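Student: please work out how this folds:
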Amino acid sequence: MTDISTGWTVNRSVKNKAAKWVFEALEHVISVFPFPIIGIDSDNGSEFINDHLLAYCTDHKITFTRSRAGNKNDGAHVEQKNWARVRELVGYLRYDTPAELELLNQIWELDRVFTNYLLPQQKLISKTRHGAKVSKQHDQPKTPHQRAIAHETMRKRPIITMNAAFKRIKPAALERQVLDLTGRLEALSVAKNPARAKPVPHRFWEHG
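Tutor: As a prediction, this is how the structure comes out:
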């Protein structure tokens, strides 16, 4: 999940696309977001478009919308994270065991801290076309944390919570933990089928 306004991102891996597991992951994501979620915009898969999620959003006063069929760019803010914060970190190997699922979610919990507190991102301000040339203007790079605490509607308590979490971060230790977990994850997958394995980049500190 990626918040459009701030870029705040939380990843979660699931056992399969069954609505049960997706909803469980969604509840976890909502619980670790430092500020309230007021709207959810999903794709058109049945793992999202179901009565259970609709009832949850209605009960919690969350606006629930979906992307247009055949318009992949509607989810561009999430889709671009598939490379920047997923493939760059865990590669293209096949992860399909409970042990791998557990490691993936441990990685996402650590990467959530790095991505939102330490990784500056730019936002597109304007785009103009002059013939075949397209000119884009971006704002100054800021972390999702910086964007969130500066947002005009952000309340005091989430700001205090985010600032306290930021002060507790130890970047070097965080990097070591993530690299250890990604190494263990790769080893598990390669052991299943070493001949067809594709190397994992592990580019932890590169910007998306």
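Student: list the buried ones in the helix or strand of the chain with the lowest mean pLDDT?
Tutor: Lowest by mean pLDDT, DSSP states H and E among the helices and strands of the chain is helix 76-79, with a mean of 72. Using 16 or more other C-beta atoms under 10 Å as the burial criterion, the residues of helix 76-79 that qualify are V78. Every residue, glycine included, has its C-beta placed from N, CA and C.
Student: from the chain's centre, how far out does that helix sit?
Tutor: Here helix 76-79 is found 9 Å from its chain centre; the criterion is C-alpha atoms, centre = their mean, to the nearest Å.
Student: counting contacts, what elements does it pack onto?
Tutor: Contacts defined by 3 or more C-beta pairs under 8 Å, 6 or more residues apart in numbering; DSSP states H and E place helix 76-79 against no helix or strand at all.
Student: and the next element down the chain from it?
Tutor: helix 81 (DSSP states H and E).
Student: so what does the next helix-or-strand element following that following helix touch, helix or strand wise?
Tutor: Sequence order places helix 88-90 as the next helix or strand after helix 81, per DSSP H and E. Contacts defined by 3+ C-beta pairs under 8 Å, 6+ apart place helix 88-90 against helix 98-118, helix 171-192.
Student: dump the shortest one to PDB, restricted to CA.
Tutor: What that stands for is helix 98-118. The C-alpha coordinates for helix 98-118 follow below in PDB (Å, rounded to 0.1, in the frame of the first residue of the first chain):
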ATOM      1  CA  PRO A  98       6.000 -20.800   4.700                       C
ATOM      2  CA  ALA A  99       9.600 -20.200   5.700                       C
ATOM      3  CA  GLU A 100      10.100 -17.800   2.700                       C
ATOM      4  CA  LEU A 101       6.800 -16.000   3.400                       C
ATOM      5  CA  GLU A 102       7.900 -15.400   7.000                       C
ATOM      6  CA  LEU A 103      11.300 -14.000   5.900                       C
ATOM      7  CA  LEU A 104       9.700 -11.800   3.300                       C
ATOM      8  CA  ASN A 105       7.400 -10.200   5.900                       C
ATOM      9  CA  GLN A 106      10.300  -9.700   8.200                       C
ATOM     10  CA  ILE A 107      12.200  -7.900   5.400                       C
ATOM     11  CA  TRP A 108       9.100  -5.700   4.700                       C
ATOM     12  CA  GLU A 109       8.900  -4.700   8.300                       C
ATOM     13  CA  LEU A 110      12.500  -3.500   8.300                       C
ATOM     14  CA  ASP A 111      12.300  -1.900   4.800                       C
ATOM     15  CA  ARG A 112       9.100   0.000   5.900                       C
ATOM     16  CA  VAL A 113      11.300   1.900   8.300                       C
ATOM     17  CA  PHE A 114      14.000   2.600   5.700                       C
ATOM     18  CA  THR A 115      11.600   3.600   2.900                       C
ATOM     19  CA  ASN A 116       9.500   5.900   4.900                       C
ATOM     20  CA  TYR A 117      12.100   7.600   7.200                       C
ATOM     21  CA  LEU A 118      15.300   7.500   5.200                       C
END
